[in-house]
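In: Let me see the structure of the following:
(2 chains)
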Amino acid sequence: MSILRDRRLNDIIVFIIAVIIIASYIIVWAPLRTFTSEASAWGSVIAGFTMFVGAISAAVYHVNKVIRREEDWWLNAYFVAMLFIMFFLGIGGVGTKQAYNFIFTNIYRQIGTATSALGGLFLISAFYRSFRLQNIEAGIVIVSAVIVGFTFATVAGSMSPLIKPMGIWLLTYPTMAAMRGIMMCIAIGAVAISLRVVLGMERGLRPIEEDVTQ
Amino acid sequence: MIEKISVLVMLVVLVVSYAYFIQKGKGPNPAQIRRIPALDAVDEAVARAVEMERPVLCIPGWGRILDLEMFPESMAGISTLNYVARLTARYGAELISTIRFPAMLPYAEDTVEQAYIAEGKRDEFKRSEMVRYITSDQVPYYTHVMGLVARERPAASIMIGYFSGGVMQICEPGRSVGSLQIGGCASNVAILPYFIITCDYVLMSEEVYAAGAYLTKDPEMMAGTVCGDVNKLIAIILLLIGTLFAYVRNDLLFELLRM
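Out: Next up is the predicted model:
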């Protein structure tokens, strides 16, 4: 067990698989490509199992609240009850599929739509605040947003012949240039952080005995 | 047999520059990163939580960890969570981290546990209380976070990682309860305006990737960030040369990069 719990083993597995996957991108060799697709499938299978870990974690949290009789504990009890009901209906049995679908379509989805609509209220208050002119930068953003907004409105042409060309220019040159610059920086940054993970230098995933601040 | 030679060359440049900056980092003049106010504010946020005796909410994004696009940001989120967990363990603040996709849960749990062990507070680590798996669905997830923020009234909300639609619904309640909010997202640029509207500090694009290195001042992580910058410089030079070549209608560089 000690070998399996040794976190250096994780680093070694990650490094070997990453090198093979990178090599399969650069070198044309069928076994490498086969290994890569197999490794990706294994990754998906392992990730699928984490759903159980998540369900257990959520159940433990809510059961503890019920046991300790914390405030509104009955809501936690309701959650646990629904978790188990949906789990057992979901894994199958005579007539369970219909019951599962009924709960999902007629209860879960409706509650989801209602809460989504309530969430819209938060958007309105945030947008109201964001459209207050606070500084020059905010002013530039608002003017640009209004121009681009009117560019795609049907009344744009009748308001002013300048609006549509200005909006198209804003989207084609300054916006596009900024977006491409950001995307390039992101891509390079992503490669750098991936390299850190592959080489086992990402601090968040590193064993504590290697912690430099200790 | 070998294709994409240009990728191989760039990879070799990246690895060599990484090795160089790791060595340089161990010397008397290690590389430095410019000041990033949003990351400086993390310490202030945790200190505020300690003073107010209210929790710190840390969300390491809701990226699918197996998705190549979201993986680097998710790792940046985990690095930030590691740092925040160490601070909360050290100063005795309550930590709450909400997780949306279950594949992220083992990483987050392990990261927080390691941070508490590193600070000698193993007994204060409460797995299911501190790292809470909510659900993969967007609406129930943000509804839970909205309720959590309203009930627990966190003094600080640190949200760094991959985020998508629904971010406004988790940020706006935090603002309404007076939480000091730090947000950051790299690849999903469309989300940034929401963070800018609702957060006190925002990390943009590659600042997110630098978060772990900046917070920990770890020379090896710092080397990764600096070598990213070196490659960015190479990309800019290639852009300038490419523009020049395109101006004289020469496809040489284009063909070289396609190799």
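In: CA atoms for contacts and neighbours, from now on please.
Out: Noted.
In: need the contact list for residue B:65.
Out: By C-alpha atoms under 8 Å, 6 or more residues apart in numbering or on different chains, the contact list for residue B:65 reads B:71, B:74, B:103-104.
In: Restrict those to the buried ones and give me that as a ChimeraX selection.
Out: Of those, the buried ones go into a single ChimeraX selection, burial set by 16 or more other C-alpha atoms under 10 Å in any protein chain shown:
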select /B:71,74,103,104
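In: And for residue 127, the neighbour number?
Out: No chain specified, so I'll use chain A. By the criterion of other C-alpha atoms under 10 Å in any protein chain shown, residue A:127 has 15 neighbours.
In: please go with chain B instead
Out: Per other C-alpha under 10 Å, the neighbour tally for residue B:127 reads 16.
In: so it makes contact with residue B:111?
Out: No - between residue B:127 and residue B:111 there is no contact under C-alpha atoms under 8 Å: 10.8 Å.
In: State the phi and psi torsions of residue A:69.
Out: Torsion angles at residue A:69 (phi, psi; degrees, to the nearest 10) stand at phi 50, psi 50.
In: State the number of residues packed around it.
Out: Using other C-alpha under 10 Å, residue A:69 has 13 neighbouring residues.
In: and the gap between it and chain B?
Out: Applying C-alpha to the nearest C-alpha, to the nearest Å, the value for residue A:69 to chain B is 15 Å.
In: can you check residue A:119 too?
Out: From residue A:119 to chain B the distance is 6 Å (C-alpha to the nearest C-alpha).
In: Contacts only, for that residue.
Out: Listed by C-alpha under 8 Å, 6+ apart, the contact set of residue A:119 reads B:143, B:169.
In: Which helix or which strand is home to it?
Out: Using DSSP states H and E, residue A:119 maps to helix A:109-130.
In: check contacts around the most centrally placed residue in chain A.
Out: Centroid-nearest residue in chain A: residue A:47, 14.4 Å away (criterion: C-alpha atoms, centre = their mean). Residues counted as contacts of residue A:47 (C-alpha under 8 Å, 6+ apart) are B:66, B:102-103.
In: ok, and which of those reach chain A?
Out: Contacts with chain A are made by B:66, B:102-103 out of those, judged by C-alpha under 8 Å from any C-alpha of the partner chain.
In: shouldn't residue B:18 be in contact with residue B:222?
Out: No - the pair residue B:18 / residue B:222 is not scored as a contact, 9.6 Å apart, by C-alpha under 8 Å.
In: The helix or strand hosting residue A:85 - what's its average pLDDT?
Out: For residue A:85, the element it lies in under DSSP H and E is helix A:73-91. Helix A:73-91 carries an average pLDDT of 90.
In: so does that helix get close to chain B?
Out: No - using C-alpha under 8 Å from any C-alpha, no contact is recorded between helix A:73-91 and chain B, whose separation bottoms out at 11.3 Å.
In: buried ones in that helix?
Out: A:73, A:76-77, A:79-80, A:86, A:89.
In: now, which of the residues you listed sits nearest chain B?
Out: Of all these, the one with the least separation from chain B (C-alpha to the nearest C-alpha) is residue A:79, at 11.3 Å.
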